[in-house]
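# 3D model of this:
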Amino acid sequence: MSSDDCLPGPLKDFIFDLHDSVRTSQIPAEQLSLYTGSFRELTSKYFEKSAWPSPEAVSAECGGDEVFLAIYKELTLRHLHSITRPSVHDRVHGWKVYQNLFDLLIAEGDNDNSAGFAPLFLLPDWAFDMLHEFLYQFQGFCQFRTGVFANASKYGPGGISDGKTPPNHTTENLEVLSNNKDAWAVDKVMFYLSRLVAIGTHTKAATAYQYLAIFASLTLSRLECLLGDHTSSLTALAPITEKFVVEPPRGSESDVKAMNAEEIVDSVFSAKVSMTYHAGVSYLMLRRYKDAAKVLGDICATMKRGFKSGTYKKIVGAEQFSKLYDRMVALLAIITHACPAYGLVDESVSNAVRERHGSQLSKIEAGEEGYEDIFIYACPKFINPAVPAYEEALTKGSTCAHDAAYKLQVNHFMNEMSNQQTVMKLRSYMKLYTSISVEKLGRLVKEQDFEALLLSYKQKTRQVECSADGEVRGSVMDIHYFIKDGIIHVDEAEKQNRFESYFASQISQSSDIRKDVESVSIQI
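Numbering: from 1, shown residues only. Take a look at the predicted model:
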């Protein structure tokens, strides 16, 4: 009896239909039903707490399609990692699964050779989930290996457990990691993402590779953000433009139109939220406060309406939206306080910022610390991609903390915000005058070498902003000043009354009141 004979009938049908949707029919609605519906139903029925059958066991249902079997393996690996706590062996095995998958995808994309099968088709949702999980496992592996090294170093010279015998699981983890130093190497991770971008942006690329290129760009941007290279993080998003147009797959309905890269990202809301969050973090770390406020403010306003209407309840992974929303609101609390320009974010979002972080911001204005706590809550878990010298953990020990990369980014942020208290005080005094001598303002602010500091702050408050004409130079502060003959001349920026925002907020409030009234049952 072959392994195929042991499989349940519904499972065989699912594998056959899924392969057909990937290679033959390429009907988006059909694949969506299989990917988001049938897979979960079969998982719940047969594999709720166990692994799916191996690729070898289902090979006969897809004609031995090597690329499809690699995609199937990745899909089932995601399920397995969601129900178990992966060991060091599982993490290394996960790397080999993705390595095999991307090697096959790149080979087929480069050579346009599908071994007799039709070109590949994957839904945008599927392409994003695949790449999102790939980076999630990379991030988890980086945190795991630095944690193992730091824990093992405790038993080395100078460690808190020096002289004691390390536990078996510690030595086993060190041995496995030492024998697999190339697993989840950051240069290889970047290589795969970059190659997918290059293949998918080619003019003759299949639809699936175009989707993979779009979400590989997004994933690469997220990776650069986690590594602390925030300029490269924003640069990686370059392919996601209106000019990158993807034609609908051949199995689509006749009325389905081509979509550009921005529309495709918008169609996968999880991707849009992830991209916006990491772009917002990068803008913040580069002191591009207005750009950060724009991207985060827009998505937060959209999410706030979605939470109210219940739009996101049916989206897979919707439980993560609330956490990301809270983090983005926290980032906006920092941004709008550091850059108090008028009308940066929607009024409803401003209200959410005041409700959640108003007390912390008040403490900051009173001279207390507060930025660090908000940033630690809101920032992603930055990672260190360097491979530790595992063989030295027990022999030489280490003084390097496992969260050193994370602390480095927090310290960098705090260095940027260290002068913020003086800047805010400077702003409050300048708003009272149209001209004031440097000497007098220096006495009020109580800073030495004040003229030098004044010029320094002028430079620090300059920032790059995105506009219709490209990137331009702007200012963080809502006032402008220059120094001439020892006199500071101040020009406050003119506020733009946005009447449409006021009327929109009033309409929204009226609608909420009407719904509350209608929900009240009146008995006579």
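# Can you give me the neighbour number for the closest residue in space to Glu247 that isn't next to it in sequence?
Among residues not flanking Glu247 along the chain, Ala258 sits closest, at 5.0 Å (CB to CB, 6 or more residues apart in numbering). Any C-beta I mention is one placed from the backbone N, CA and C, and that applies to glycine too. Residues contacting Ala258 under the criterion other CB atoms under 10 Å number 9.
# Also the one 5 residues further on?
By other CB under 10 Å, the residues close to Glu263 number 14.
# Roughly how far does it sit from Leu193?
Using CB to CB, to the nearest Å, Glu263 is found at 22 Å from Leu193.
# end to end, how far does stretch 41-53 reach?
With CA to CA, to the nearest Å as the measure, stretch 41-53 spans 15 Å from end to end.
# Could I get the average pLDDT for that stretch?
Stretch 41-53 carries an average pLDDT of 93.
# repeat for stretch 419-439
78.
# From the opening residue of it to its closing one, how far?
One end of stretch 419-439 to the other measures 20 Å (CA to CA).
# what's next to it, contact-wise?
Residues outside stretch 419-439 that contact it (CB atoms under 8 Å, 6 or more residues apart in numbering): 338, 340, 364-365, 367, 371, 441, 444-445, 447, 450-451, 453-454, 457, 460-461, 477-479, 481, 483, 486-492.
# Now the buried members of these.
Among the contacts of stretch 419-439, those that count as buried by neighbour count (16 or more other CB atoms under 10 Å) are 338, 364, 371, 441, 445, 447, 450, 453-454, 457, 460-461, 477-479, 481, 488, 490.
# Sort out which of the residues you listed are in helices and list them.
Ala338, Ile364, Tyr371, Leu441, Val445, Phe450, Leu453, Leu454, Tyr457, Lys460 (DSSP state H).
# Out of these, which two sit at the greatest distance?
Distances among those were taken as CB to CB; the most separated pair is Tyr371 and Leu441, at 24.6 Å.
# which residue ranges form the strands in the stretch 401-524 of the chain?
In the stretch 401-524 of the chain, the strands defined using DSSP state E, counting those that start in this stretch lie at 435-437, 462-467, 470-475, 479-484, 487-492.
# What residues sit buried inside the shortest one?
Okay, so that is strand 435-437. Those would be Ile436, for strand 435-437 by 16+ other CB under 10 Å.
# ok so, going back, now the ones in helices among the buried ones among the contacts of stretch 419-439 in TSV, with distance to Ile27?
Shown next, in TSV, are these (distance: CB to CB, whole Å):
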residue	distance to Ile27
Ala338	50
Ile364	55
Tyr371	51
Leu441	69
Val445	67
Phe450	70
Leu453	65
Leu454	65
Tyr457	60
Lys460	55
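# Which of these sits closest to His81?
Nearest member of those to His81, counting by CB to CB, is Tyr371, at 35.4 Å.
# I'd like to check which residues are in contact with the nearest residue to Ala198 once chain neighbours are set aside.
Excluding the flanking residues, the one nearest Ala198 by CB to CB, 6+ apart is Ala213, at 7.8 Å. Contacts for Ala213 (CB under 8 Å, 6+ apart) come out as Leu196, Val197, Ala198, Ile199, Gly200, Thr201, Ala205, Pro239.
# Throw the residues you listed into CSV and include distance to Thr76, thanks.
Shown next, in CSV, are these (distance: CB to CB, whole Å):
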residue, distance to Thr76
Leu196, 21
Val197, 26
Ala198, 28
Ile199, 25
Gly200, 24
Thr201, 30
Ala205, 27
Pro239, 30
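# Can you tell me which of these end up in helices?
Of the positions in those, Leu196, Val197, Ala198, Ile199, Gly200 sit in helices, assigned by DSSP H.
# circling back: pull the distance from whichever strand or helix holds the residue nearest to Ala198 to the chain's centre.
Here Ala213 sits within helix 207-227, counting by DSSP states H and E. Distance of helix 207-227 from its chain centroid, counting by CA atoms, centre = their mean, to the nearest Å, is 11 Å.
# Tell me how many other residues crowd Glu41.
As a burial measure, Glu41 scores 11 neighbours (other CB under 10 Å).
# and it, what is it in contact with?
Contacts of Glu41 by CB under 8 Å, 6+ apart: none found.
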